[in-house]
Every structure is written in C-alpha cells, then in structure tokens.
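>>> Requesting a structural model of the entry that follows:
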Amino acid sequence: MVADAGPPIFLMALGLILWLAVTATVAGISIQTIGMILFIAGAIWLVVEMIQSRGTGLATRERVVEEPVAYRDRRI
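Numbering: from 1, shown residues only. From the prediction side, this is the model:
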C-alpha cells in the first residue's frame with residue numbers, strides 16, 4: 001500500500017514558504033513561526049503516513065478459498 005504523501009508535502013511546502021520567503025508582518029503574530037510550525041507538523045505527518053503504510057503492507061494477505069471437497073470429485 002502506498003502512503004498518501006500529498007497533503008503532508010503540501011503542508012511542508014506551505015510552511016517553508018511562510019517561514020523563509022514571507023517578510024510581511026502582522027501585529028502580534030509571527031508569520032515565520034507559523035511557517036516553521038506548519039513545516040514541522042507536515043514532516044511529522046509524513047513520517048506517520050510512511051510508518052502506517054509500512055505496517056499495513058506487512059499485515060495484508062490475500063485470502064484463498066478452495067472448492068469444497070464434494071465438488072472436486074464430480075468433474076468430468
């Protein structure tokens with residue numbers, strides 16, 4: 001199973017843009033700090049997605065159902 005990495009990578013990109021590229025200021029709010037928090041949250045989210053996808057891939061098995069014994073003997 002493949003991890004759904006799109007949303008965490010988007011969050012990380014948005015965080016990096018706010019952290020490194022935005023120089024605007026808002027009274028009482030540090031945009032750079034919000035960007036850093038979003039980047040770190042996205043990185044943690046990505047790691048969790050990768051761990052979950054690795055765990056479910058190992059536990060997934062195909063179920064094989066055989067024909068009942070009564071039907072095997074009647075084939076021509």
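>>> Report all helices and strands that the longest helix along the chain contacts.
Here the longest helix in the chain is taken by residue count, with DSSP state H as the criterion, and it is helix 31-59. Using 3 or more C-beta pairs under 8 Å, 6 or more residues apart in numbering; DSSP states H and E as the contact criterion, the elements in contact with helix 31-59 are helix 6-16. Glycine gets a C-beta too; all of them are placed from N, C-alpha and C.
>>> pLDDT of the helix it packs on, averaged?
This predicted structure assigns helix 6-16 an average pLDDT of 95.
>>> Next, the angle from it to helix 31-59.
Angle, helix 6-16 to helix 31-59, by axes from the mean of the first three to the mean of the last three C-alpha atoms, to 10 degrees: 160 degrees.
>>> contacts for helix 6-16?
Here helix 6-16 makes contact (C-beta atoms under 8 Å, 6 or more residues apart in numbering) with 34-43, 45-46, 49.
>>> Restrict those residues to the buried ones and give me that as a PyMOL selection.
For selection in PyMOL, the members of the contacts of helix 6-16 meeting the burial criterion (16 or more other C-beta atoms under 10 Å) are listed in this command:
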select buried, resi 34+35+36+38+39+42+45+46+49
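>>> Let me know the closest of the contacts of helix 6-16 to V22.
Within the set of these, G35 lies nearest V22; the separation is 7.0 Å, counting by C-beta to C-beta.
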